[in-house]
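Asker: Next input, structure requested:
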Amino acid sequence: MKKLLIIPFIGAVLNATTLDELFNGVKNAPATKINQLFYKNVKEKKKSIDYSFYPKLSIIGSMEHFNSDVAMVSITPSESAKLSKSGDSIPFGQNIARVGIALSMPVYVREIFENKQKLSHLLKSVKYKTKIDLLNKEVMIITFLSNYNYLVYSKMALLKERESIQRTIDSIKVGVENGAIPEFNLLKLKDSLNQIKINILNIETQLSK
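Answerer: Residues are numbered from 1 along each chain as shown. Now for the predicted structure:
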């Protein structure tokens, strides 16, 4: 009898304390993780394409060393002559550093736009697929758990009915043996008892599955 009492207890525990753990288990399952990683990968690829549509501003610099002094800026002979006449000095040096800013604008490329559209559709598809797969698994958990609880409580009801019939059989046995109660009543009760035992065995088989 102790073993029989454990079964409804397990059903109660699953329903009351472990349902969240089961849902978390589904969310952390390898298949779900793979879908999430694939979604993240597609999202990153789409981001990289999106970034290619923005203008890019970059700082460029260089450092050059010469064995002798050279002009630090490009200057024509006529400009050099003007500077000499005016008394202005021309900047020379052996170590010349140059710093500048470069601005590049994106150019329309049909292939890039097509790839962006494809990735957008793929991203939505993966997102919905991941969500649907997760919902399907959660529904499956609820369905199995509901069936499990139904079987557990059905078995409890059959056990109570079996005990009631057994008590009735025990109480009318003497009357049947004395001829005060028709034997047909006893046979009918025993038949009902056998049917209940068969139903209990069927339920136990389903529970084990």
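Asker: From the contact counts, what lies against the longest helix anywhere in the chain?
Answerer: Among all segments of the chain classified by DSSP state H, the helix with the greatest residue count is helix 110-178. Packing contacts for helix 110-178, counted by 3 or more CB pairs under 8 Å, 6 or more residues apart in numbering; DSSP states H and E, involve helix 2-16, helix 19-27, helix 30-51, helix 183-208. For every residue, glycine as well, the C-beta is placed using N, CA and C.
Asker: Now do it against helix 30-51, angle only.
Answerer: Our comparison of helix 110-178 with helix 30-51, counting by axes from the mean of the first three to the mean of the last three CA atoms, to 10 degrees, yields an angle of 160 degrees.
Asker: Would you check the distance separating helix 110-178 from the middle of the chain?
Answerer: A distance of 21 Å separates the C-alpha centroid of helix 110-178 from that of its chain, computed with CA atoms, centre = their mean, to the nearest Å.
Asker: quick one: it to helix 183-208, angle?
Answerer: Compare the direction of helix 110-178 with that of helix 183-208 by the same axes, to 10 degrees and you get 160 degrees.
Asker: okay, now the residue nearest to residue 172 when sequence neighbours are not counted: neighbour count?
Answerer: Computed as CB to CB, 6 or more residues apart in numbering, the closest residue to residue 172 that is not its neighbour in sequence is residue 181, at 5.2 Å. As a burial measure, the neighbour count of residue 181 was computed by other CB atoms under 10 Å and equals 15.
Asker: can you check residue 117 too?
Answerer: 11.
Asker: now swap in residue 155 and tell me
Answerer: 21.
Asker: could you check the distance from it over to residue 110?
Answerer: The span separating residue 155 from residue 110 equals 67 Å under the rule CB to CB, to the nearest Å.
Asker: And residue 21, by the same measure?
Answerer: Residue 21 is 51 Å from residue 110, by CB to CB.
Asker: Which parts of stretch 139-155 count as buried, going by neighbours?
Answerer: Residues of stretch 139-155 classed as buried under the neighbour-count rule (16 or more other CB atoms under 10 Å) are 141, 145, 148, 151-152, 154-155.
Asker: Kindly reformat those as a markdown table containing distance to residue 168 and pLDDT.
Answerer: What follows is the buried residues of stretch 139-155, written out as a markdown table (distance: CB to CB, whole Å; pLDDT from 0 to 100):
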| residue | distance to residue 168 | pLDDT |
| --- | --- | --- |
| 141 | 41 | 85 |
| 145 | 35 | 86 |
| 148 | 31 | 90 |
| 151 | 26 | 94 |
| 152 | 25 | 94 |
| 154 | 21 | 95 |
| 155 | 20 | 95 |
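Asker: Would you confirm that residue 203 contacts residue 157?
Answerer: No - because the distance of 10.2 Å does not satisfy CB atoms under 8 Å, residue 203 is recorded as not touching residue 157.
Asker: Please say which of those two ends up with more neighbours.
Answerer: Here residue 203 and residue 157 are compared on neighbour count by other CB under 10 Å; more neighbours surround residue 203, at 18 against 11.
Asker: which residues sit in contact with the more buried one?
Answerer: The neighbours of residue 203, taking CB atoms under 8 Å, 6 or more residues apart in numbering as the test, are 151, 154-155, 158.
Asker: change it to 7 Å
Answerer: Shown in contact with residue 203 (CB atoms under 7 Å, 6 or more residues apart in numbering): 151, 154-155.
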